[in-house]
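Q: Sequence first, predicted model second:
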Amino acid sequence: MRAIYDVIVENQDLLVAGLRVTVIMAVCAYLLAFVTGNLIAAARVSPVKVLERFAALYVSLFRNTPLIVLAILVWVGGGRVGWPFGRLQTAIVVLGLYTGAYIAESLRSGINSVPVGQAEAARAIGLPFLQVVGAIVLPQAIRTVIPPLGNLWIANLKNTSVFMVIGIDELTRSGRIIGSALSDYVTAFAIVALMYLVLVYGSAQVINLLERRLEIAR
Amino acid sequence: MSSVLTEPLGPRGLRRVRIATIVASLLLAVFIGWLLLRLLSEGQFSSGLWSQFWDFESEWPQFLVTGMWGTIRVAVVAMIIAATLGLVLALGRLSRIAPVRWISGLIVDVFRGPPVLLFIFFSWLALPQLLPDAIGTQISREPLYALVIGLAAYNMAVLAEIYRAGILSLDRGQGEAGQTIGLTHSQNMRIIILPQALRRMIPAIVAQLATLTKDTALGYIVTVSADLMGRARSFAQGGPSNDLQTYFIVGVLYFIIVWTLTRGARRLEVIQRQKFGGGAIKVQGEADLDTVAEDADEKTASAKA
């Protein structure tokens, strides 16, 4: 086993490239997931039955199917139906839709955690629907939802590794390439694991800070 | 139907809902119709591509059945290993000896951080370099072992957190009562705390089993051949090019297994709540797990204060 420091210095280009792809993928996918999650959650709590059923089906489909199967299906099947995106975009879309299903569930339980009386009181003093939602329900719902959303960001970050299956050069794959070049997988994967740990626990710190900032005394 | 967002609708609201229903149905129908048409025009529905799956004379259905059995076996074995090691780690984290607590905590945090796939890779490529040759070649020749080891390594840390949350969710009076009647720490754990805590954890453990089963599909990347994904790969490579159909069927099979487990977990949770009133700790996925872990941390902190 060679000194870890030397290996890092020698392979810094590959490591940084992998890290870049992982972070870009995670950030874009999470933004997409946030939009998707909001739309699906809105459909899930709407009084329109068709939308509600569709949203429930969507969530159930994406939560109960392995991400890797979804990635392969879209990548292979997409090629057949004129899917316009390249590898990285495909990965971002699939991961975004997948994480979106989880975000939708978190948002829904967040909205449902607001006591009904709050909305009833708002309606009783004559606020229109948009104000009931925007001024009363959402500000309370968002605070309960921040911890799960933060944790979903971390899960989303870790799930980027799956997309090496459709040929994305992300961090885990960098580790594999370095390992095979050195014929020392132990060191290579240890370095990559360390980088993931920094990303994950770094994010956790930021999330905690955010949580404390937005906390309200209940 | 009165929820946070809507109250019983009047005539105008009902009319709006009706219009929205029609518009939404149309949009959905157009989208699904477009997708089906595209696939149809590419000839993806031609019976030749699908018939093998229903033709029980051919080897395909048998292949899928053995693949499904392989997937279930991997999941169960990995789960048993992870559950055992996880319990040891959880007890270690709650131990009265400080170094044991620190080391268990460190192991849990390190193994819970990186993605599962990294552990599977590590077991497949790095472990053979660490272990003596006799075991090492076994693993590199049969990636199934690597898959089981990788899944077990990651999930033991996850389960350790679930156990810890379950144990800390018990009322402190339970443990104190045990001490009062003169039980030792280990007797107290075995007789009073663990039986109650384990019961509360069952739904969360089943939910974790569902996640683990989903993750077994990652064996595809390390060329496992005995599970559903492995079978699917050998279909897709040989025979006519019906890879899309194969992965679709495989996806459906995974969905059935995982959906059953998630449903079961939710059912168990409801039963628990009815029988014992509250109690069950909620873990439906990664996100909930972290929340549970943080709650446990807070409880430990407040118990010390």
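A: That came in fine, so what should we check first?
Q: Quick one: the helices in the stretch 201-305 of chain B, in order.
A: B:228-237, B:243-276, B:286-304 (DSSP state H, counting those that start in this stretch).
Q: what's the spacing between the shortest one and its chain's center?
A: Spelled out, it's helix B:228-237. 22 Å (CA atoms, centre = their mean, to the nearest Å).
Q: Run through the neighbouring helices and strands of it.
A: Helix B:228-237 is packed against helix B:60-93, helix B:243-276, with contacts defined by 3 or more CB pairs under 8 Å, 6 or more residues apart in numbering or on different chains; DSSP states H and E. C-beta: built from backbone N, CA, C; applies to glycine.
Q: Out of those, the one nearest A:Ile24 is which?
A: A:Ile24 sits nearest to helix B:243-276 of all the helices and strands packed on helix B:228-237, at 26.5 Å, using CB to CB.
Q: quick one: low-confidence parts of chain B?
A: Along chain B, segments meeting pLDDT under 70 span B:1-4, B:6, B:47-49, B:51-52, B:54-60, B:237-241, B:277-305.
Q: So the residue most central in space within it versus chain A, what's the distance?
A: The structure's chain B has its C-alpha centroid closest to B:Thr211; by CA atoms, centre = their mean the separation is 1.3 Å. From B:Thr211 over to chain A the distance is 10 Å, taken as CB to the nearest CB, to the nearest Å.
Q: cool, and B:Tyr145?
A: 16 Å.
Q: What number of residues are in the vicinity of that residue?
A: Neighbourhood size, B:Tyr145 [other CB atoms under 10 Å in any protein chain shown]: 19.
Q: can you state the direction angle for the helix or strand where it lies and helix B:60-93?
A: Element membership of B:Tyr145 [criterion: DSSP states H and E] is helix B:143-169. Orientation check (axes from the mean of the first three to the mean of the last three CA atoms, to 10 degrees): helix B:143-169 against helix B:60-93 gives 40 degrees.
Q: Quick one: name whatever helix or strand follows helix B:143-169.
A: helix B:172-180.
Q: next structured bit after that following helix?
A: With DSSP H and E setting the assignment, the helix or strand that follows helix B:172-180 is helix B:185-187.
Q: Point out the other helices and strands that that following helix packs with.
A: Against helix B:185-187 (3+ CB pairs under 8 Å, 6+ apart) you get no helix or strand.
Q: For B:Ser95, see how far away the residue nearest to the centre of chain B is.
A: Distance from B:Thr211 to B:Ser95, counting by CB to CB, to the nearest Å: 27 Å.
Q: How much space separates A:Lys49 from chain B?
A: A:Lys49 is 7 Å from chain B, by CB to the nearest CB.
Q: thought that residue was touching B:Thr21?
A: Yes: under the criterion of CB atoms under 8 Å, A:Lys49 makes contact with B:Thr21 at 6.6 Å.
Q: related to what we said a few turns ago, what would the helices and strands packed on helix B:228-237 look like in TSV with distance to B:Asp215 and mean neighbour count?
A: Listed next are the helices and strands packed on helix B:228-237 as TSV, based on distance: least, CB to CB, whole Å; neighbours: other CB atoms under 10 Å in any protein chain shown:
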stretch	distance to B:Asp215	mean neighbour count
helix B:60-93	9	19
helix B:243-276	10	18
